[in-house]
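**Student:** sequence? don't have it. structure:
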């Protein structure tokens, strides 16, 4: 439905002649106020056509605007613009700008997950209108962005929080006891993927779902007592400990994080498996020559997102190098893009700027193709599973635990600057944004989560004759 406003109607883009006629008015505005006004009017003018599903209310100092059609039970989102910097962020940086505005408090949102759903439900309209508007003006105005926003205190906070994620205490606050920072697998024992919404969250649900995921991966890898597993991406040792404890395996696991290695080794020692699990501070491209054909299984859980398309074939070449020539299995899990959305070039967004710099989501097809190129055809694709439906509940569980367990005092021990209330709130909102942003993406099919299983050529999946 057309928007309405309590003050003045939304302003459409002026024609060239109208712009010239109004040029004499520019002197009445400071450059910053004119640019802000232009950004505001540009954003509001395109939302009439963009919002066709759900209902959006935007309020700022100049009025209240309504978009879409309100119906009882619909996704009804209210946004209160606190700072006019919001409009410039959206115009010049799109969804990245929205994430920054949310984190630093330029905008208050009634339902963050609802806002993500509204964006994805109206994605086609957004891309044809708002995104094209951003593209048209951002290159011309990008120089003004630094002039008007620049390295303000808010911008400095945003730059700082991008590097505040190496704290083990942070992850202890929201992960399960296994400390698995990846998608869990839910069953009817926990009420399924919507059990927390229909029955309410119960203590131990996340732990049960993460153990199920570990066992599912290890069974897919066909490991048995005495087998040796190579793992890329140690995390905090969750998979390695479970492989040793429940399957009787030895594990060599690789990480690039000194903090993760330290805590993983503490957890391994506490579990009594320091003689069967070795944690290596090592890049996967540096595996030693003596590991050639030394492993019965290879497992990597949500690490390949940090490899990059250029190195997918190298990654699988090294997996092929390390696995035995017969009766060996590789299991790779990854957050992925659907094939229609995958590109080897992926523009900077919230994830790549504030969570995982330089990361790149593969597609399942890209990984399968790379596995064949890297192994020179010595891998057979055994299984493809999409676990995307299980991720939103995992993220909701993490969000609830973070809200309950994370304290300013706890995180400030690792990052003293977060003793500032303002900085701590920005840091906390970053994680709230991640859980809502990713949850909506998985729920709407914008991103997926695949588990790929490969066996050696001429190996049989199971005895069948």
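**Tutor:** Looks like it came in fine. Being a predicted model, the structure only gives us computed values, none of them experimental.
**Student:** Hmm, residue 48 is touching residue 65, no?
**Tutor:** No - Residue 48 is beyond contact range of residue 65, at 9.4 Å (criterion: CB atoms under 8 Å). In this view, the C-beta of every residue, glycine as well, is placed from N, C-alpha and C.
**Student:** quick one: which of these two has more around it?
**Tutor:** Taking other CB atoms under 10 Å, residue 48 and residue 65 do not tie; residue 65 has more neighbours (22 against 18).
**Student:** right, and the helix or strand after the host helix or strand of that one?
**Tutor:** If you go by DSSP states H and E, residue 65 is part of strand 63-68. As assigned by DSSP H and E, the chain's next helix or strand after strand 63-68 is strand 76-81.
**Student:** what angle do the following helix or strand past that following strand and strand 76-81 make?
**Tutor:** Once the chain leaves strand 76-81, the next helix or strand it forms, by DSSP H and E, is helix 85-104. Helix 85-104 and strand 76-81 meet at an angle of 110 degrees, taking axes from the mean of the first three to the mean of the last three CA atoms, to 10 degrees as the criterion.
**Student:** how about the strands in the stretch 51-200 of the chain?
**Tutor:** Taking DSSP state E, counting those that start in this stretch, the strands of the stretch 51-200 of the chain run over residues 55-60, 63-68, 76-81, 107-109.
**Student:** Where does pLDDT dip in the chain?
**Tutor:** 1-29, 125, 127-165 (pLDDT under 70).
**Student:** again, 50 this time
**Tutor:** Judged by pLDDT under 50, the chain has its weakly predicted residues at 1-28, 139-152, 160-161, 163-164.
**Student:** Does the closest residue to residue 324 other than its chain neighbours belong to a helix, a strand or coil?
**Tutor:** Residue nearest to residue 324 in three dimensions, not counting chain neighbours: residue 293, with 5.2 Å by CB to CB, 6 or more residues apart in numbering. Here residue 293 takes the coil state, with states given by DSSP: H, G, I helix; E, B strand; the rest coil.
**Student:** you'd agree residue 239 is up against residue 214?
**Tutor:** Yes - between residue 239 and residue 214 there is a contact at 5.7 Å, judged by CB under 8 Å.
**Student:** what's the neighbour count on the residue nearest to residue 324?
**Tutor:** Using other CB under 10 Å, residue 293 has 12 other residues around it.
**Student:** contacting residues around it?
**Tutor:** By CB atoms under 8 Å, 6 or more residues apart in numbering, residue 293 lies in contact with 321-325.
**Student:** Just the buried residues from those, in ChimeraX please.
**Tutor:** To isolate the buried ones among the contacts of residue 293 in ChimeraX, judged by 16 or more other CB atoms under 10 Å, type:
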select :321,322,323,324
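**Student:** would you turn the contacts of residue 293 into JSON lines with secondary structure and distance to residue 185?
**Tutor:** JSON lines is the format used below for the contacts of residue 293 (DSSP: H, G, I helix; E, B strand; the rest coil; distance: CB to CB, whole Å):
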{"residue": "321", "secondary structure": "helix", "distance to residue 185": "30"}
{"residue": "322", "secondary structure": "helix", "distance to residue 185": "26"}
{"residue": "323", "secondary structure": "strand", "distance to residue 185": "25"}
{"residue": "324", "secondary structure": "coil", "distance to residue 185": "28"}
{"residue": "325", "secondary structure": "coil", "distance to residue 185": "31"}
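**Student:** JSON lines for the contacts of residue 293, including distance to residue 345?
**Tutor:** JSON lines is the format used below for the contacts of residue 293 (distance: CB to CB, whole Å):
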{"residue": "321", "distance to residue 345": "29"}
{"residue": "322", "distance to residue 345": "30"}
{"residue": "323", "distance to residue 345": "31"}
{"residue": "324", "distance to residue 345": "37"}
{"residue": "325", "distance to residue 345": "36"}
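**Student:** Going by distance to residue 103, which of the contacts of residue 293 wins?
**Tutor:** residue 322 (40.9 Å; CB to CB).
**Student:** ok, that closest one touching residue 290?
**Tutor:** No - Residue 322 lies out of contact with residue 290 (CB under 8 Å); the separation is 10.4 Å.
**Student:** coming back round to it: if I look at residue 239 and residue 214, which residues touch both of them?
**Tutor:** residue 180.
**Student:** how much space between residue 63 and residue 40?
**Tutor:** 10 Å (CB to CB, to the nearest Å).
**Student:** In terms of packing, which of these two has more residues around it?
**Tutor:** Taking neighbours as other CB under 10 Å, residue 63 and residue 40 compare with residue 40 leading, 22 against 15.
**Student:** Just confirm that one contacts residue 85, I think it does.
**Tutor:** No - contact between residue 40 and residue 85 fails when scored by CB under 8 Å: they sit 10.9 Å apart.
**Student:** How many residues are close by residue 461?
**Tutor:** Residue 461 is flanked by 12 other residues according to other CB under 10 Å.
**Student:** What residue, apart from its backbone neighbours, is nearest it spatially?
**Tutor:** residue 382 (5.9 Å).
**Student:** Mind putting the strands of the stretch 51-200 of the chain into JSON lines with distance to residue 371?
**Tutor:** Formatted as JSON lines, these follow (distance: least, CB to CB, whole Å):
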{"stretch": "strand 55-60", "distance to residue 371": "43"}
{"stretch": "strand 63-68", "distance to residue 371": "44"}
{"stretch": "strand 76-81", "distance to residue 371": "42"}
{"stretch": "strand 107-109", "distance to residue 371": "41"}
